[in-house]
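Novice: got a structure for you, letters missing:
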């Protein structure tokens, strides 16, 4: 408490001491550091690097030690703004991308470069321009992986001195001029129509091949069926002829056996004469021609005249 009888000088001295006490208390409190996870505090002592504080509780010397830099050790993304690039065939394209980097050495990231983020972005832009300058426009759309790999390679070499690691670089957009874009769209449409015509022609060709193969298979099946039918018919006729011949042979053998019997030849002769007369009866009047013997009463002479008489 300030005495009511205190002079202005005494009051001023008390106020100064109060400020000094508050300042000292603030400095002592400031000397206590709580470092979060995935962070690093770079400490300087009297303007010179002293140590790097990792995650946890730390106490510094007031008025002597100070946290000069705070580095975030987590992976971070940096947008690379759009830039104009010329391809090898002198086409101006606009390219932008994104870099994924991480601080691996807080000391180099603090003292190796003023601003590693800005430096990485600028180096990514210049490397992208140089790589695209070696590629044709069509290849710039196809070789994104090559461009990204080249940028990562260059940034990694520079990042060794900057205390950072570049994990990857991705190209977000490659935008050609409007006239080139329209020409590319026409080319794509032409290629698409070409592929459609080719696919249609291939389909028509395959359809014709399938139909011809079907017709060929059908003709082969028909010819094979006809061949088998003729073979079956021939075999049937052969079996029929063989059966008739066998039956005829058996009949002749039976007739021969009958002739050998007593009176067999007379029976055969009578049978032949009867068949001959039946044949004459079956002839028409126009075709019938009869030769009669002189003696009609001699039956044997009549049959002999007809060629069917009994030969004794």
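Specialist: Now that the structure is in, tell me what you want to look at. From a predicted model like this one, the values you see are computed outputs, not experimental measurements.
Novice: Can you list the low-confidence ranges for the stretch 201-312 of the chain?
Specialist: Scanning the stretch 201-312 of the chain for pLDDT under 70 picks out 258-259, 261, 263-269, 271-273, 275-277, 279-312.
Novice: In terms of pLDDT, where does residue 100 sit?
Specialist: Model confidence at residue 100, given as pLDDT, is 93.
Novice: sorry, that was for residue 72
Specialist: Looking at residue 72, the pLDDT reads 90.
Novice: Ramachandran angles for it?
Specialist: Main-chain torsions, residue 72, degrees, to the nearest 10: phi -90, psi 120.
Novice: now residue 230
Specialist: Main-chain dihedrals, residue 230, degrees, to the nearest 10: phi -70, psi -40.
Novice: hey, where'd the strands end up in this protein?
Specialist: Under the criterion DSSP state E, the chain contains strands at 32-35, 39-45, 48-53, 56-59, 65-72, 76-86, 92-103, 164-175.
Novice: Make a markdown table from the ones you listed and add distance to residue 215 and mean neighbour count to it.
Specialist: Where C-beta positions appear, they are placed from N, C-alpha and C, glycine not excepted. Formatted as a markdown table, the strands of the chain follow (distance: least, CB to CB, whole Å; neighbours: other CB atoms under 10 Å):
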| stretch | distance to residue 215 | mean neighbour count |
| --- | --- | --- |
| strand 32-35 | 86 | 13 |
| strand 39-45 | 81 | 18 |
| strand 48-53 | 86 | 15 |
| strand 56-59 | 87 | 12 |
| strand 65-72 | 77 | 17 |
| strand 76-86 | 61 | 14 |
| strand 92-103 | 56 | 18 |
| strand 164-175 | 54 | 17 |
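Novice: Which one of these lies nearest to residue 12?
Specialist: Across the strands of the chain, residue 12 has its closest neighbour in strand 65-72 (30.5 Å, CB to CB).
Novice: Neighbouring strands - and their directions - for the closest one?
Specialist: If you go by DSSP bridges, strand 65-72 pairs up with strand 39-45 (antiparallel).
Novice: Can you show me the helices along the stretch 151-300 of the chain?
Specialist: With helices called from DSSP state H, counting those that start in this stretch, the stretch 151-300 of the chain shows them at 178-260, 264-282, 299-306.
Novice: Tabulate these in a markdown table, adding columns for mean neighbour count and distance to residue 135.
Specialist: Compiled in a markdown table, the helices of the stretch 151-300 of the chain are given as follows (neighbours: other CB atoms under 10 Å; distance: least, CB to CB, whole Å):
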| stretch | mean neighbour count | distance to residue 135 |
| --- | --- | --- |
| helix 178-260 | 10 | 15 |
| helix 264-282 | 12 | 109 |
| helix 299-306 | 15 | 118 |
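Novice: Tabulate these in JSON lines, adding columns for distance to residue 121.
Specialist: Listed next are the helices of the stretch 151-300 of the chain as JSON lines, based on distance: least, CB to CB, whole Å:
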{"stretch": "helix 178-260", "distance to residue 121": "27"}
{"stretch": "helix 264-282", "distance to residue 121": "125"}
{"stretch": "helix 299-306", "distance to residue 121": "136"}
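Novice: among those helices, which is nearest residue 21?
Specialist: Nearest of those to residue 21, taken as CB to CB: helix 178-260 at 70.3 Å.
Novice: Give the other helices and strands that that closest one contacts.
Specialist: helix 264-282 (3 or more CB pairs under 8 Å, 6 or more residues apart in numbering; DSSP states H and E).
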